[in-house]
Each structure stands twice: as C-alpha cells, then as structure tokens.
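> A structural model of the following input is requested.
(one chain, ligands or ions: 2)
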Amino acid sequence: MLTMKDIVREGHPILREKAQDVELPPQQEDIETAKKMLEFLKNSQDPEIAQKYKLRPGIGLACPQIGISKRIIAVHTTDEQGELFSYALFNPKIVSHSVKVTYLEGGEGCLSVDRDVPGLVPRYAKTTVKGTTIDGEQIELKLKGMPAIVFQHEIDHLDGIMFYDRINKENPFSPPTAVILNR
Ligand SMILES: Cc1nc(NNC(=O)[C@H](CC2CCCC2)CN(O)CO)c(F)c(N2CCN3CCOC[C@@H]3C2)n1
Ligand code: NI
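Ligands and ions are numbered 1, 2, ... in the order given. Prediction:
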C-alpha cells in the first residue's frame, strides 16, 4: 500500500514536469498504479488506517506525486449532494469549462507541500473532463463543486502546475473573478 513516504515533496523536479500520456488500452502496470492511488485516498479517509499509517487525508492524487511521470489521476470525494465521486482516470483532459470561476474559501493544500500557502486558488466552476477508466472505457464527466476543483488540481499536477502558482501574488485573498477579455 502507498504511504506518505511514497509521496514526492515540492522541490523534486518531477512535480514540474509535463507527464506522459499512458498507452491505451491501459497495461497491467498502469492499472496497478491507478488502483494503488485510489486505495491510498480511501485509506487516508479511514480514521483507523490513516492514524495507523500516519496518512495525511487526501481526496485527490496525481501520478507524479508518487514519482511516476504519467498522466494518471485518482479522485475520491463527495459532492454537495453527498454523491460519491471515485475515479482513477488515464489521460484526463478538460474538454470544456464555464467562464465562471470558483474557489475553496480556505484555499488549497497539497500532499506534496508540507507548508501552508495562504490564498484563494481560482478554479473553473464547471468543467467537462474526458478520460479513460481502469476498464479501458472512455468516459466524459460533467463536474461542478468540489469534484470540479479536485480534478483541476490533479490535472494541473500532470502539467507541472502547483496550486500556489495560481494564487494572486499582489493580493492572495482578492476573490478571483472571470476576466472577460475585451474584443
Ligand atoms: C479540500 C480537501 N483537501 C484534502 N486534502 N488535500 C487533498 O486531497 C489534495 C488535493 C485537494 C486540495 C484542494 C483540492 C484538491 C491532495 N493533493 O495534493 C493531490 O494533488 C482533504 F483531505 C479534504 N477532506 C474533506 C473530505 N474528508 C472526507 C473524510 O475524510 C477526510 C476528508 C478530508 N478536503
Ligand atoms: Ni496536490
């Protein structure tokens, strides 16, 4: 099982690399990796297991964070309606998104960042994500709320982007609004 010792911390160059697409249909090795990532998230949300193995709680994980530069993410979270979103996706891609932006009021954190970085992280309020599941099936997810935010945080990791790259440097707490570009 994955534990915190497997999580790469900021400063490691892999977190700033653009991860490689996974060959489809997914090979056994990549399927195993995806399953272990999802298992880590579930374990990290189980009070006993998290305490026993000193796991920081997580609702998302990106493959570069375990030292493998491949386009694999895992998400295990619930949305405002309490609906469970539990996915491991290969080659996830945001294919469309709202103009409207949103953000977590408490800002964001990262399992690869052992410090608090205050500030609001702008995220699209709604996104459509395409990807391939462990079963090799291409799916399209229409996301909003927390699931939309988590998928954006994870897909950023695949492109070497950390959450704090998106915080307004001048005023970290100015509520992000969509900039409507002038014609
Ligand atoms: C918001 C939150 N972030 C947690 N951690 N950070 C992460 O997941 C990082 C990814 C998230 C940071 C902001 C958006 C994505 C990991 N990232 O670095 C991967 O790239 C949580 F753990 C958490 N929850 C709420 C739900 N709770 C259910 C019961 O179990 C505990 C769990 C705690 N909410
Ligand atoms: Ni992260």
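
> what parts of this protein come near ligand 1?
With C-beta under 6 Å from any ligand atom as the criterion, the chain meets ligand 1 at residues 45, 57-62, 65, 108-112, 149-150, 153-154, 157. From N, CA and C alone the C-beta is placed, and that goes for glycine too.

> in strands, which of those appear?
Using DSSP state E, the subset of the residues of the chain next to ligand 1 located in strands is 60-62.

> in this structure, which spans are helices?
28-44, 47-52, 145-158 (DSSP state H).

> average pLDDT for the shortest one?
When the per-residue pLDDT values of helix 47-52 are averaged, the result is 98.

> repeat for the first one
Computed over helix 28-44, the mean pLDDT rounds to 98.

> residues in contact with the residue positioned nearest the centre of the chain?
Nearest residue to the geometric centre of the chain (C-alpha atoms, centre = their mean): residue 154, 2.1 Å. Residue 154 makes contact with 60-62, 73-75, 92 under the criterion C-beta atoms under 8 Å, 6 or more residues apart in numbering.

> do that again at 10 Å, thanks
With contacts defined as C-beta atoms under 10 Å, 6 or more residues apart in numbering, residue 154 is in contact with 37, 59-65, 72-75, 89, 92, 129.

> same question for residue 81.
Contact analysis of residue 81 by C-beta under 10 Å, 6+ apart lists residue 145.

> ok, now residue 63?
14, 19-20, 22, 30, 33-34, 37, 69-74, 88, 90, 154, 157-158.

> give me that answer again for 8 Å
Per C-beta under 8 Å, 6+ apart, neighbours of residue 63: 19, 33, 37, 69-73, 158.

> hmm, back to that, are any of the residues of the chain next to ligand 1 buried, and which?
Buried by 16 or more other C-beta atoms under 10 Å: 58-62, 65, 108-112, 149-150, 153-154, 157, out of the residues of the chain next to ligand 1.

> for the closest residue to residue 155 other than its chain neighbours, what are its contacts?
The spatial neighbour of residue 155 that comes closest, neighbours along the chain excluded (C-beta to C-beta, 6 or more residues apart in numbering), is residue 92 at 5.5 Å. Residue 92 makes contacts with 71, 73, 129-131, 151, 154-155, 158, as judged by C-beta under 8 Å, 6+ apart.
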